[in-house]
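Student: structure of the sequence below:
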Amino acid sequence: MNPVKISLLAGALFGVTGVVLGAWGAHGLDAFLGGADTGAWETAVQYQLIHALALLLLGVLLHLSADPALVWSSRLVIVGVLLFSGSIYLLTLGGPRWLGPVTPLGGSALIAGWLALAVGAWRWR
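Tutor: Purely as a prediction, here's the structure:
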C-alpha cells in the first residue's frame, strides 16, 4: 500500500474509532469504571482525533510530494497514536501496569512525527 493510502486510511480509521471511543467514554465508561480514569480516557480520545486530522492532511501532502520526511511523519504519527492513546485506553480499562512506560514512547513518536512534518514543510518546493 502506498503512503498516501496508508495515511488517509489510518486518519479515517482513527477518526471513526476516536468518535466511537469518545462517545463510549462520555456515556458508558463511568458505569463501567465507576468514574475513575475518565480524564485519561478523554485525553487519549482528544490526541487520537487531533492526529486523525493530521494524518488526513499528511495524506493530501503526500499526494503532492513524496518527500521522505512526510512519509516518516505519517509513520511516526500512526505509531504514536497506537502507543500513546492505545496504552491509555488499555491502562484505563485495567490493563497491565507495564503499559505505563509505553505512553511516553507514543508521545515521543507523535513529537517526532510533527518534527518530520516540519522538515517536510521546510523542504517543500
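Student: switch to C-alpha atoms for all contacts and neighbour counts from now on
Tutor: Noted.
Student: the helices in the protein, which residues?
Tutor: Using DSSP state H, the helices of the chain run over residues 3-27, 29-33, 38-64, 68-92, 102-122.
Student: where among these is average confidence lowest?
Tutor: For these, mean pLDDT drops lowest on helix 29-33, to a mean of 76.
Student: can you give me the pLDDT of the residue of the chain positioned farthest from its centre?
Tutor: Distance from the C-alpha centroid of the chain, by Cα atoms, centre = their mean, peaks at residue 125 (27.5 Å). Note on residue 125: pLDDT of 82.
Student: ok, residue 36 next?
Tutor: pLDDT, residue 36: 64.
Student: now do residue 28
Tutor: 80.
Student: tally of neighbours for it?
Tutor: Using other Cα atoms under 10 Å, residue 28 is surrounded by 14 other residues.
Student: distance of it from residue 20?
Tutor: Look at residue 28 and residue 20: by Cα to Cα, to the nearest Å, they are 11 Å apart.
Student: again, but for residue 44
Tutor: 12 Å.
Student: who's more crowded, the two?
Tutor: residue 44 (22 against 13).
Student: please name the nearest non-neighbouring residue to the more buried one.
Tutor: Distances taken as Cα to Cα, 6 or more residues apart in numbering place residue 85 nearest to residue 44, at 4.5 Å, with adjacent residues excluded.
Student: my guess is the one you found contacts residue 45. True?
Tutor: Yes - because the distance of 7.0 Å satisfies Cα atoms under 8 Å, residue 85 is recorded as touching residue 45.
Student: give me the common contacts of those two.
Tutor: Between them, residue 85 and residue 45 share no contacting residue under Cα atoms under 8 Å, 6 or more residues apart in numbering.
Student: if I look at the most centrally placed residue in the chain, how far off is residue 88?
Tutor: Geometric centre of the chain, nearest residue: residue 81, 2.6 Å, by Cα atoms, centre = their mean. The gap separating residue 81 from residue 88 is 10 Å, by Cα to Cα.
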